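Student: Sharing a model prediction with you, sequence too.
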Amino acid sequence: MMSHNTPVLSGIRILSLALNLPGPAALMRCQQMGAECVKLEPPANLPHNSSGDPMGSYQPNAYQTMHQGVRLVVADLKSTDGQNILHQELSQSHILITSFRPSAMRKLGLDWETLHQRYPHLNQIAIVGSPGARAEEPGHDLTYMAENDLITGLNLPPSLYADMAGSLLTTEAVLQLLLAQQKNSSAGEVAAGQYKEIALSDAAAYLALPRHWGLTTPGEAVGGGHAGYNVYACLDGRVAIAALEPHFALRLLQAAGQEPSAIAQIMQSSMHETIAKWVALHSCSQLENIAHTLDIPLHTLK
């Protein structure tokens, strides 16, 4: 359940042409913050498709969730009628969010230079795969994650991290551009709009910073080296223990029947074995009770 958001974007109108996940997820957050949100979608390209957004076909539940409160308009931007609809919406908007490659934007007459000349107060946020000259390269969440060393073995990540991080950076960009415009406005005159690019590969790189800094390198404290910060098998499932700080680690050692002096071995394999053997003797519910009693950060996975 999402928490209630303060309507800080009340009175702001956002138009989105962005499809799939990052753009709609950003629009969802903006709508929750009070913005009036409109999304233009292409016509459905197959008879069984209910939406021109691929997400509407392959994951309709996610699509419905992200578009609650968003006004949807169907427009073929390659047609005259579609262009008329687009420019009618643009003339009333504060922010435009796009997710096309730069070459596609130019073909549609929506490159920033053209847009800025026609709508000088409009801000644009362009979601692209990679920054700058690489914006034309094909890619997806998985390739951006791989590029930043966030793929383990042959396993797919459990979430679309780059896409979701990109949606947060897009929402942040909405706030940045509006704040800058507000600061630059004077005597009732609205300041000129600005262009901001959000690259999903940059979003993945931001998520990868702890790894780049060495925090999650195998053997480091939060990379599996600390016996109190790990995942262990228990009687009826698994348990994630995050007893990283000394006071939490001491309570974990107490629960496992160890002396406080044992904290000196907390980074050693022998202590991992000790904690693993202790955890293996307990059920999820027993571990939850111990954690509640001793105030240990722990979550069971049955």
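Tutor: Cool, got the structure. Numbers count the residues shown, from 1 in each chain.

Student: got a pLDDT number for Ser51?
Tutor: Ser51 is assigned 78 on the pLDDT scale.

Student: Then the one 3 residues further on?
Tutor: Reported pLDDT at Pro54 in the predicted model: 92.

Student: now do the one 4 residues further on
Tutor: If you check Tyr58, the pLDDT there is 89.

Student: ditto for the one 5 residues further on
Tutor: At Tyr63 the predicted local confidence, pLDDT, stands at 95.

Student: which one in the protein is furthest away from the centre?
Tutor: Glu259 (42.3 Å; C-alpha atoms, centre = their mean).

Student: That one: what's its closest spatial neighbour, skipping adjacent residues?
Tutor: Leu253 (7.4 Å; C-beta to C-beta, 6 or more residues apart in numbering). Bear in mind the C-beta positions are built from the backbone N, C-alpha and C, glycine included.

Student: Tell me the buried residues in the strand or helix carrying Lys277?
Tutor: Per DSSP states H and E: Lys277 is located in helix 269-280. Under the neighbour-count criterion of 16 or more other C-beta atoms under 10 Å, helix 269-280 has Met271, His272, Thr274, Ile275, Trp278, Val279 buried.

Student: measure the last one to Ser285 for me?
Tutor: Counting by C-beta to C-beta, to the nearest Å, the gap between Val279 and Ser285 amounts to 13 Å.

Student: Also His116?
Tutor: If you go by C-beta to C-beta, the gap between His116 and Ser285 works out to 61 Å.

Student: and if you look at Pro138?
Tutor: 48 Å.

Student: quick one: which of the two has more around it?
Tutor: Taking neighbours as other C-beta atoms under 10 Å, Pro138 and Ser285 compare with Ser285 leading, 13 against 8.

Student: Return the residues in contact with the more buried one.
Tutor: In this structure, Ser285 makes contact with Thr300, judged by C-beta atoms under 8 Å, 6 or more residues apart in numbering.

Student: Also Leu150?
Tutor: Per C-beta under 8 Å, 6+ apart, neighbours of Leu150: Pro157, Tyr161, Ala204, Leu207, Ala208, Arg211.

Student: What of Glu41?
Tutor: The contact partners of Glu41, by C-beta under 8 Å, 6+ apart, come to Leu19, Ser51, Gly52, Asp53, Leu72, Val73, Val74, Ala75.

Student: And for Gln31?
Tutor: Per C-beta under 8 Å, 6+ apart, neighbours of Gln31: Cys37, Gln68, Gly69, Val70.
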